[in-house]
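[1] Quick one: sequence plus predicted model below, questions after.
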Amino acid sequence: MAKKVIGNLKLRIPAGRATAGPPVGSTLGQWGLNMMDFINPFNEKTKDLMGKDVIVHIQVYEDRTFTWKSLGRPMTDLIMEKAGIDKGSSKSHLDKVGKITRAQAEEIAEIKKDQMNAIDMDGRVKVIAGSARSMGITVEG
C-alpha cells in the first residue's frame with residue numbers, strides 16, 4: 001500500500017548552500033522532518049550550480065518520511081541571465097529592459113522541456129516568450 005501524502009512543499013533554495021536555518025530549517029521543522037536528511041543530499045546534488053537558485057518539490061508522508069525532486073533553475077532566472085539583466089521591469093507593458101533572441105529562448109526551452117506543458121518547440125518558445133514579455137523583455141525573431 002502506498003504511503004499517504006500529508007504535504008507538498010515547494011522551496012526556492014540557493015544551490016549547494018542549504019542550511020538548517022530559514023527557509024529550509026523552518027519549513028521542514030514544521031513538518032517534523034529531519035533536516036539533515038534533505039540538506040546533505042541536496043547540497044551534494046546541486047553543487048555544480050553553486051549559489052544559483054533552484055526549485056525543489058518535497059512530498060511529506062504520514063510516517064514523517066519524505067521524497068524530494070530538484071526542478072533546476074527557475075525559468076525567469078534563465079531568461080534574465082540570457083538578457084543580461086538583474087531584474088525585470090515593474091511596468092512591463094511600458095518599460096522594456098532587455099532582449100533575447102529566439103535561439104536563446106530555444107536554449108531555455110531545451111533546459112526546461114521536461115517541466116513545460118507544451119507539445120513541441122514552438123509551443124515551449126511561446127511560453128517562454130510570454131514569461132519574458134511579462135518581465136519587460138522582448139523576444140526577437
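    Great, that's in hand.

[2] May I have the residues that are in contact with Thr65?
    By CB atoms under 8 Å, 6 or more residues apart in numbering, the residues touching Thr65 are Lys3. Yep, even glycine has a C-beta here, placed from its N, CA and C like the rest.

[3] phi, psi of Thr46?
    phi -110, psi 10 (degrees, to the nearest 10).

[4] shouldn't it be in contact with Ala15?
    Yes: shown here, Thr46 and Ala15 form a contact pair, counting by CB atoms under 8 Å, at 3.7 Å.

[5] Identify the contacts common to those two.
    Joint contacts of Thr46 and Ala15 (CB under 8 Å, 6+ apart) are Val54.

[6] Pass me the low-pLDDT residue ranges in this structure, would you?
    Where the chain drops to pLDDT under 70, the residues are 1.

[7] Can you show me the helices along it?
    Per DSSP state H, the chain carries helices over the ranges 24-30, 36-45, 75-83, 102-112, 121-134.

[8] do you know which of those helices lies nearest Lys91?
    helix 121-134 (11.3 Å; CB to CB).

[9] do you know how far Lys82 is from Ala129?
    Distance of Lys82 to Ala129, given as CB to CB, to the nearest Å: 12 Å.

[10] Once you drop chain neighbours, what's closest to Gly88?
    Of all residues not flanking Gly88 in the chain, Met135 sits nearest, at 3.3 Å (CB to CB, 6 or more residues apart in numbering).
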